[in-house]
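Novice: return atomic coordinates for the entry below.
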Amino acid sequence: MKHSGIIAAGLICLFGAYLLVSSFSLTSEAGAALGPAFMPKMLGIILLVLGVVNLVGEIRQERGRRKGESASADQTVAGGDIVETSAGQLKGREWIAAHVDVLSIPLLLAYAYSMKSVGFLLSSMVYLFLHMLLLTVNKKRNYLLLAVLAITVPCVIYFCFVKLFYLMLPVGILG
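Specialist: Numbers count the residues shown, from 1 in each chain. This is a model prediction of the structure:
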């Protein structure tokens, strides 16, 4: 896709704005220090700010390319691992690595929709593992490290939210 970075950044901005606006409809009980709207508001603000920063960077890059500031006709994609030339199209893993930003969207949507039924812990573990696989498509992978991270990070987050912030996360089938 020609403007996939701009499209992805715009979608992140829209999702952050939607999350922020919809969080105002959540009400809290009297006397609650942090109500149920706290985390969606924080996440919405963070996504919106980072999305805008990303969007501005992508627009600047696009303008730089149009002005001819790029070094050559070849374009380095995904941190220098893949080179896409005008001579041919990308195939297989190279195509996935070049479109990782767009492919992350359905993965994120599946994660969001599975959280209520499957629960935070299991859906986060699966999502993190699959997303790390997607992000390391053209690199040597340490599957053990990816699995340990995918299991440890959601457990730490769950512990912090439930035990420290006294916020409940969806338990799903573990309930």
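Novice: all the strands of this structure, residue numbers only.
Specialist: For the chain, the strands defined by DSSP state E cover 75-77, 82-84.
Novice: contacts only, for I157.
Specialist: S124 (C-beta atoms under 8 Å, 6 or more residues apart in numbering). To be clear about C-beta, it is placed using only N, CA and C from the backbone, and glycine gets the same treatment.
Novice: distance of the residue lying closest to L47 once chain neighbours are set aside relative to V53?
Specialist: Closest residue to L47 apart from its sequence neighbours, by C-beta to C-beta, 6 or more residues apart in numbering: G16 at 3.0 Å. For G16, the distance to V53 (C-beta to C-beta, to the nearest Å) stands at 11 Å.
Novice: among those two, which residue is more densely surrounded?
Specialist: Between G16 and V53, counting by other C-beta atoms under 10 Å, G16 is the more crowded of the two (20 against 13).
Novice: just how off-centre is stretch 51-69 within its chain?
Specialist: 20 Å (C-alpha atoms, centre = their mean, to the nearest Å).
Novice: just stretch 13-22 next, same as before
Specialist: Distance, centroid of stretch 13-22 to centroid of chain: 14 Å (C-alpha atoms, centre = their mean).
Novice: and that stretch, what's buried?
Specialist: 13, 15-17, 19-20 (16 or more other C-beta atoms under 10 Å).
Novice: avg pLDDT for it?
Specialist: For stretch 13-22, mean pLDDT rounds to 90.
Novice: please shift the residue numbers so they start at 272 in all later answers.
Specialist: All right, first residue 272 from here; so that's stretch 284-293.
Novice: ok, residues contacting it?
Specialist: So stretch 284-293 is contacted by 311-312, 314-323, 326 (C-beta under 8 Å, 6+ apart).
Novice: what about these, which are in helices?
Specialist: 311-312, 314-323, 326 (DSSP state H).
Novice: for ChimeraX, write the select line for the buried members of those.
Specialist: In ChimeraX, a selection of the buried entries from those looks like this (16+ other C-beta under 10 Å):
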select :311,312,315,318,319,322,323,326
